[in-house]
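1. For reference, the sequence and a predicted model appear below.
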Amino acid sequence: MKQTILVTGGTGFIGSHTTVELIEAGYNVVIVDNLSNSKIEVLDGIEKITGVRPAFEQVDLRDKEATESVFRKYPAIEGIIHFAASKAVGESVQQPLMYYRNNVISLINLLELMPEYGVKGIIFSSSCTVYGQPKPEHLPVTESAPHQKATSPYGNTKEINEQIIYDYIHSGAGIKSIVLRYFNPIGAHPTALIGELPNGVPNNLIPYVTQTAMGIREQLTIFGNDYNTPDGTCIRDYIYVVDLAKAHVAAMARVLDKQTEPVEYFNIGTGSGNSTLEIVTTFEQATGVKVNWKYGPRREGDIEKIWGDCTHANTVLGWKADTPLADVLASAWKWQQKLREDGVM
Ligand code: NAD
Ligand code: WQD
């Protein structure tokens, strides 16, 4: 009997790629999304890739009654992957209460409803941002590394939500959770039928690179080349979004069907770091397209370097990110070309 999974934020960047992998792994999927940062047309892309159009409910998870109606309508839901959140670091500094209400209340509504409707497990989208800037001796960073004080309300919602999950489950809630701490998800599905669609001027590096390569942006600024790194630019652990999606399928299978700790934590990255300059040069080599870029001042709030020790996920989840960086960056370019072809940007 196929298991049914609720994917919140399922028309978003990571949620849509995870929905594809869940369907291809044999799960039924119900997407809940309020379309605040994604478009309903994403369902078309999912259907074209998988041949299946997932059930979709346009619901705002801050509305507990509306959220409960989803559980009533789909009583077969056994597990949840909770992607839905606001995620723009800068915006969170301007609108902290919106972030706390959206990211924290939505989670609390789901957690309260889970035991009532027999939902056994929830996978939570966390972020390496909880580690802040690890000390040099703590790189690559493991799941047991100390957490640093969040540098933004957004990052704080991840820290708070991890704690809420832990406290609720240890109060005897009768559910389980796996917390996945993502590093930097990038790229797009190899079909270029789904990908990252940032609203407005992108904050993240890869969409800015591809939009500059496409001529949508005049010039990429590399924020700072005076860091204590080999080429002076920041280092991050860039993980292919499809590899990340596959980690969620492995985590869902574990939380539903295996004996696990009440709450488990996994770093989801490649285990290696690349500098901003390496990303730009690898993109140019992979695509044959030049990027107009310059060095500029450091960006406020950027940490210098972080990459993950992902051996825990490799061994316990039986999952590993294995797509070469050049292929990942080529997928991001193919997606940007598709957006141009379709007249989207
Ligand atoms: P995204 O914005 O593309 O997807 C989030 C989706 O949630 C959107 O479709 C949005 O419409 C929906 N949503 C937001 N608030 C909602 C609400 N109240 N009710 C219903 N739907 C709502 O973001 P993403 O990049 O796919 O990120 C997914 C998750 O992963 C987020 O929790 C984010 O914090 C986390 N994360 C992302 C990154 C990254 O770099 N993209 C890194 C680490 C963690
Ligand atoms: C990556 C690197 C920049 C843009 C953020 C959030 C994090 C998570 C992922 C949600 C940095 C450099 C970037 C540009 C640049 N989001 N850069 N020029 O900052 O590691 O993480 O997104 O959970 O919470 O903080 O990702 O893509 O913004 O930047 O030089 O125009 O690229 O300095 O070193 P970041 P990013």
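-> Thanks, I have the structure now. Ligands and ions are numbered 1, 2, ... in the order given.
2. ok, what's across the strand from G296?
-> G296 forms beta bridges with F223, as assigned by DSSP bridges.
3. Without its sequence neighbours, what residue ends up closest to the closest residue to ligand 1 within the chain?
-> Nearest to ligand 1, among the residues of the chain, is G12, at 2.1 Å (CB to the nearest ligand atom). The C-beta positions use only the backbone N, C-alpha and C, and glycine is treated the same way. Once flanking residues are discounted, G12 sits nearest to S38: 4.8 Å by CB to CB, 6 or more residues apart in numbering.
4. That neighbour belongs to a helix?
-> No - S38 sits outside any helix when classified using DSSP: H, G, I helix; E, B strand; the rest coil, being coil.
5. ok, it touching I14?
-> No - under the criterion of CB atoms under 8 Å, S38 is not in contact with I14, lying 10.7 Å apart.
6. ok, now which ones touch the residue nearest to the spatial centre of the chain?
-> For the chain, I14 is the residue whose C-alpha lies nearest the centre (CA atoms, centre = their mean; 4.9 Å). Taking CB atoms under 8 Å, 6 or more residues apart in numbering, we find I14 in contact with 83, 125, 182, 185, 241, 244-245.
7. With ligand 2 as the reference, measure out to it.
-> 10 Å (CB to the nearest ligand atom, to the nearest Å).
8. tell me the SS of that residue?
-> helix.
9. Just the local confidence number for it, please.
-> pLDDT recorded at I14 is 98.
10. Quickly check: the helix or strand of the chain with the lowest mean pLDDT near ligand 2 or not.
-> Using mean pLDDT, DSSP states H and E, the weakest-scoring helix or strand in the chain turns out to be helix 89-94, at a mean of 94. Yes - remark: helix 89-94 sits within contact range of ligand 2 at V89, by CB under 6 Å from any ligand atom.
11. List of residues touching that helix?
-> With CB under 8 Å, 6+ apart as the criterion, helix 89-94 contacts 86, 99, 152-155, 157, 203, 301.
12. Check what contacts stretch 16-29 and list those residues.
-> So stretch 16-29 is in contact with 2-7, 10, 31, 38, 42, 45-46, 49-50, 52, 54-55, 76, 81, 83, 189, 194, 241-242, 244-246, 248-249, 252-253, going by CB under 8 Å, 6+ apart.
13. of these, buried ones?
-> The neighbour-count criterion (16 or more other CB atoms under 10 Å) marks 3-7, 10, 31, 38, 42, 45-46, 49-50, 54-55, 81, 83, 189, 194, 241-242, 244-246, 248-249, 252-253 among these as buried.
14. Filter those down to the ones in strands?
-> Members of these lying in strands (criterion: DSSP state E): 4-7, 31, 55, 81.
15. Those: which two are farthest apart?
-> Farthest-apart pair in those is A55 and I81; separation 14.5 Å (CB to CB).
16. Could you confirm whether the helix or strand where V209 lies reaches ligand 2?
-> Per DSSP states H and E, V209 falls inside helix 205-213. Yes - counting by CB under 6 Å from any ligand atom, ligand 2 has neighbours in helix 205-213: 205, 208.
17. Not counting that helix itself, show me its contacts.
-> 184, 186-187, 196, 198, 202, 217-220, 236, 238, 276, 279-280, 283, 287, 289-293, 329, 332-333, 335-336, 345.
18. Keep only those that also lie close to ligand 2.
-> Restricting the contacts of helix 205-213 to those near ligand 2 by CB under 6 Å from any ligand atom leaves 184, 220, 236, 276.
19. near ligand 1, which residues of this protein show up?
-> Residues of the chain lying near ligand 1 (CB under 6 Å from any ligand atom): 9, 11-15, 32-38, 60-62, 83-87, 102, 106, 125, 127, 182, 184-185.
20. Put the buried members of those residues into a PyMOL selection.
-> In PyMOL, a selection of the buried entries from these looks like this (16+ other CB under 10 Å):
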select buried, resi 9+11+12+13+14+15+32+33+34+37+38+60+61+62+83+84+85+86+87+102+106+125+127+182+184+185
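21. Up against ligand 2, what does the stretch 51-200 of the chain have?
-> Going by CB under 6 Å from any ligand atom, the residues of the stretch 51-200 of the chain near ligand 2 are 87, 89, 127, 129, 184.
22. Strands of the protein, start to end?
-> In the chain, the strands defined using DSSP E lie at 4-8, 28-33, 55-58, 77-82, 121-127, 176-182, 184-186, 220-223, 235-236, 238-240, 263-268, 274-275, 293-296.
23. Now render those strands as TSV, adding mean pLDDT.
-> TSV is the format used below for the strands of the chain (pLDDT from 0 to 100):
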stretch	mean pLDDT
strand 4-8	98
strand 28-33	98
strand 55-58	98
strand 77-82	98
strand 121-127	98
strand 176-182	98
strand 184-186	98
strand 220-223	98
strand 235-236	98
strand 238-240	98
strand 263-268	98
strand 274-275	98
strand 293-296	98
